[in-house]
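In: return a 3D structure for these sequence lines:
(one chain, ligands or ions: 1)
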Amino acid sequence: MFFAAHASMPPRKPAGRAQTRPPAHERSEPSTPARKARIEKPVATKPARKAADSRKATPLTAYNAKRDFTRTDEPAGTIPRKRAKVLQFVIQKHEASHLHFDFRLELDGVMKSWAIPKGPSLDPAVKRLAMEVEDHPISYNTFEGTIPQGEYGGGTVMLWDRGTYISDDGSTAQSLRDGYDRGELKITLQGKRLRGGYVLRRMKRPGRPQWLLIKRDDAFADPTRDIVAEKTTSVASRRTMDSIAKGNRSSKAKHS
Ligand code: MN
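Out: Residues are numbered from 1 along each chain as shown. I've put the predicted structure just below:
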């Protein structure tokens, strides 16, 4: 019935088309594929390139998202294409809302980072809480200065120690990766102030990963020393926290 009625309807096409002429931008059918291609080509390649970039930058996405690089002197997070053969470590004393020491280990083009409220110890009996924070760029290893108040991490940053490190079982990146994934990083530091074996052990706690930094019992262990109290100047510039803070404030004032 329905089919019959439909089939018997008069051919409306010519008249219909004349009456409902599509708007100019829809009219010219031959040009549509060409225009489609022109429009879709950049649309298709741009997200693809962006996706590739964000895949590459994933380890530093959190770092970049937290910072306004027009306001802070900290370096923007990028991953270098060339990798050095030796792995760097750095410890930055950071007087932010709470004083802490940022412990950073180079791995796969970024600095894996932990905030240690009490700083490192030379005593193997002492376990220092190390809260894992976002990966930092390797270029952060030379950063010393002040982050403006009100910005993320606002406060003074001192280069407290730096050097190289190896994993205890052969120094391959893979063994470090495995140790990191397993939650037990056994490393040997070759710094100016910290040397010898340390272990970073992840605690089984929910939420943000918390680790413990423990000095291993070796020739560099020394329970009688308080290295954090002993060393209060920059390993790079010899400045105190106070002079770093003052130096940066005055150089900022010149620009404003
Ligand atoms: Mn910090």
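In: enumerate the residues of this structure near the ion.
Out: Proximity of the chain to the ion, by CB under 5 Å from the ion, involves residues 94, 102. Placement of C-beta: from N, CA and C, glycine included.
In: can you give me the strands in the chain?
Out: Ranges of strands in the chain, per DSSP state E, are 87-95, 99-107, 110-116, 127-137, 145-147, 155-167, 184-191, 195-202, 210-215.
In: can those strands go into CSV with extra columns for mean pLDDT?
Out: Shown next, in CSV, are the strands of the chain (pLDDT from 0 to 100):
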stretch, mean pLDDT
strand 87-95, 97
strand 99-107, 97
strand 110-116, 97
strand 127-137, 97
strand 145-147, 96
strand 155-167, 97
strand 184-191, 97
strand 195-202, 98
strand 210-215, 98
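In: a markdown table for those, including mean neighbour count?
Out: Compiled in a markdown table, those are given as follows (neighbours: other CB atoms under 10 Å):
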| stretch | mean neighbour count |
| --- | --- |
| strand 87-95 | 22 |
| strand 99-107 | 22 |
| strand 110-116 | 22 |
| strand 127-137 | 20 |
| strand 145-147 | 20 |
| strand 155-167 | 22 |
| strand 184-191 | 18 |
| strand 195-202 | 19 |
| strand 210-215 | 20 |
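In: can I get those strands in CSV with distance to Asp178?
Out: What follows is the strands of the chain, written out as CSV (distance: least, CB to CB, whole Å):
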stretch, distance to Asp178
strand 87-95, 15
strand 99-107, 11
strand 110-116, 14
strand 127-137, 17
strand 145-147, 34
strand 155-167, 9
strand 184-191, 9
strand 195-202, 13
strand 210-215, 16
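In: low pLDDT regions in the chain?
Out: Applying pLDDT under 70 to the chain flags the ranges 1-57, 171, 248-256.
In: looking at it, which residue is nearest the ion?
Out: His94 (3.7 Å; CB to the ion).
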